[in-house]
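[1] Provided below for reference: sequence and predicted model.
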Amino acid sequence: MSELLVKPCETREHIVFKETIHPAPFQCNVQINPKQTSKEVDHVNNIEYLRWIDKGSQLHCDACGWDRQKLLNSGVMWFVARHEIDYLSEARTSDCLRLTTWVEDIRRVKSWRTTYIHAIENKERVVCRCKTLWVLVDLETRKPTTIPNQMAESLHPLHPPKGIPEGSGFLGVSS
């Protein structure tokens, strides 16, 4: 497995893409490792897009104050329930890529996230778009669990959270 070269961008580096509907999305630069391409042609393997999307989601949660260690200490973790991905153009090792992601909405135990990956050389183009359904899972029971208000708010969803009881949160965990 090749190293993921996905690094968060500073806010001043953000690029506004016409597809971005969130007022403050999270962005990362993605550097393509030649090991991520097909052996036959200079073309990024499709599985790499999912790895970048997953890493971008993780980095966004980290930036919102919910890194993996805090989630583990809380006895929960986000699990993917569904990816809907459209590959719109190919990426090659010479491409400079920008991943843009945001949380669309949050319901009681699940959240939809949107991610775009753009090639940003010369003329910007969408390489792929993805909608991911994430479910917050209790690591002890392995069942979905209610997303706490403080987590829902910190992820800055595009639409207000729904179905989350007032005052919901993890006992003994401070932000």
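    Right, received. Where do you want to start?
[2] can I assume residue 57 sits in a strand?
    No: the assignment for residue 57, made by DSSP: H, G, I helix; E, B strand; the rest coil, is helix rather than a strand.
[3] residues near it, how many?
    By the criterion of other CB atoms under 10 Å, residue 57 has 22 neighbours. Where you see a C-beta, it was placed from the backbone N, CA and C, and this is true even at glycine.
[4] residue 23 now?
    Neighbourhood size, residue 23 [other CB under 10 Å]: 8.
[5] three-state assignment of it?
    coil.
[6] ok, it to residue 105 distance?
    With distances taken as CB to CB, to the nearest Å, residue 23 is found 15 Å from residue 105.
[7] need the contact partners of stretch 117-130.
    The contact list for stretch 117-130 (CB atoms under 8 Å, 6 or more residues apart in numbering) reads 15, 17, 19, 30, 49-50, 52-53, 83-91, 94-100, 114-116.
[8] recalculate using a threshold of 7 Å.
    Applying CB atoms under 7 Å, 6 or more residues apart in numbering, the contact partners of stretch 117-130 are 15, 17, 19, 30, 49, 52-53, 83-89, 91, 95-99, 115-116.
[9] so which of these belong to strands?
    30, 83, 84, 85, 86, 87, 97, 98, 99, 115, 116 (DSSP state E).
[10] any idea how far residue 35 is from the spatially most central residue of the chain?
    Centroid-nearest residue in the chain, with CA atoms, centre = their mean: residue 57, separated by 2.3 Å. According to CB to CB, residue 57 and residue 35 sit 22 Å apart.
[11] much appreciated, bye for now.
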